[in-house]
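[1] Return a 3D structure for these sequence lines:
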Amino acid sequence: MTIARAAMATLLSCTLLTAAACGDDDSNVQAGDSPTDTSGGGTADQAPDGSGASIPDTPADIVGTITSVTPFEPITEDCTPAEDLDPDGSVSSEDPPVCTPADNDIVGTVLVEEQPGIEEGNKISFTVTTSTALTGSDTAPLGVFGDLAEGQTVEAWSTGMCAESYPSQCEAVAIRRTA
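    Below you'll find the model as predicted:
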C-alpha cells in the first residue's frame, strides 16, 4: 500500500505542476518566460530557441495543427514544498498544491491535432521544456515558446514515453513549424 500512496502522491504532484491552475502568484508571466527563474517576475529568457538542439532523423510522431498553446505558470505561493510531503501520507484534493521545484524546466504545453475539429484521430499534448528544439521549416531557430501559435502546422517528435490517455501526453524533443 505504501508504493500505491507514493505513486498517487507523485501523480498528483505532476498533475498539479502541469495543470498550473492553482496558486495565487500574481506575477506577470508571459509566454516564453522561464519557469526556473521567477525572481524578476518571470522574465528570464531561458525558453527553448532551437539552438544546439537538432531535429531527430526519424519520422515525426505527428504532423498536424496546433490547436492550443498554454504557457507554464510556476506555483510559488500558498503551496507545499515537495520535500515536506510525507510519501506515506494520504492525498486529498483539499491539500494545497505542491510548489514548483526551482530546477523545473517546463515552459508550456501545446496540443497538436492531425485533424482539428474531428473528435477521432491522433492528438498529442506536448510538454515543451527548455531543451526542446523549436525550428522553422528550414531548421532555423523558430524563436521561443511564445512564437508557437494556434493554427500553425507543425511536425513534432516526442521522447517516446507518453501517457496513454486521449489525447496522448508526451514530452517534446522537437517541434518544427511547416506552415
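
[2] For Glu114, which residues are in contact?
    The contact partners of Glu114, taken as Cβ atoms under 8 Å, 6 or more residues apart in numbering, are Ile62, Val63, Gly64, Gly121, Asn122, Lys123. Bear in mind the C-beta positions are built from the backbone N, C-alpha and C, glycine included.

[3] run the last query once more with 6 Å
    By Cβ atoms under 6 Å, 6 or more residues apart in numbering, the contact set of Glu114 is Gly64, Gly121, Asn122.

[4] Doesn't the first one lie inside a strand?
    Yes: counting by DSSP: H, G, I helix; E, B strand; the rest coil, Gly64 falls inside a strand.

[5] For it, name its beta-bridge partners.
    In this structure, Gly64 has the following beta-bridge partners (DSSP bridges): Val154.

[6] you'd agree it is up against Val110?
    No: counting by Cβ atoms under 6 Å, Gly64 stays clear of Val110, with 10.5 Å between them.

[7] the strands in this structure, which residues?
    Listed in chain order, the strands found in the chain under DSSP state E are 62-71, 106-113, 123-129, 133-135, 153-163, 168-177.

[8] so what's Val173 up against?
    Under the criterion of Cβ under 6 Å, 6+ apart, the contact list for Val173 reads Trp157, Thr159.

[9] pLDDT wise, what is it at?
    The predicted local distance difference test score for Val173 is 94.

[10] That one and Ser54: what is the separation?
    According to Cβ to Cβ, to the nearest Å, Val173 and Ser54 sit 9 Å apart.

[11] C-alpha coordinates for stretch 129-148, CSV please?
    Taking Å, rounded to 0.1, in the frame of the first residue of the first chain, the C-alpha atoms of stretch 129-148 are listed here in CSV:
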residue,chain,number,x,y,z
THR,A,129,10.9,22.1,-21.9
THR,A,130,14.0,24.4,-22.1
SER,A,131,15.7,21.6,-24.1
THR,A,132,13.0,21.2,-26.8
ALA,A,133,14.2,22.1,-30.3
LEU,A,134,11.9,24.7,-31.9
THR,A,135,12.6,25.3,-35.5
GLY,A,136,11.1,26.7,-38.7
SER,A,137,10.8,24.7,-41.9
ASP,A,138,14.3,25.5,-42.9
THR,A,139,15.6,24.3,-39.4
ALA,A,140,16.5,27.8,-38.5
PRO,A,141,15.6,28.5,-34.9
LEU,A,142,11.9,29.4,-34.6
GLY,A,143,12.4,31.6,-31.6
VAL,A,144,10.9,30.9,-28.2
PHE,A,145,7.8,29.1,-26.9
GLY,A,146,5.8,32.4,-27.3
ASP,A,147,6.3,32.1,-31.1
LEU,A,148,4.1,29.0,-31.2
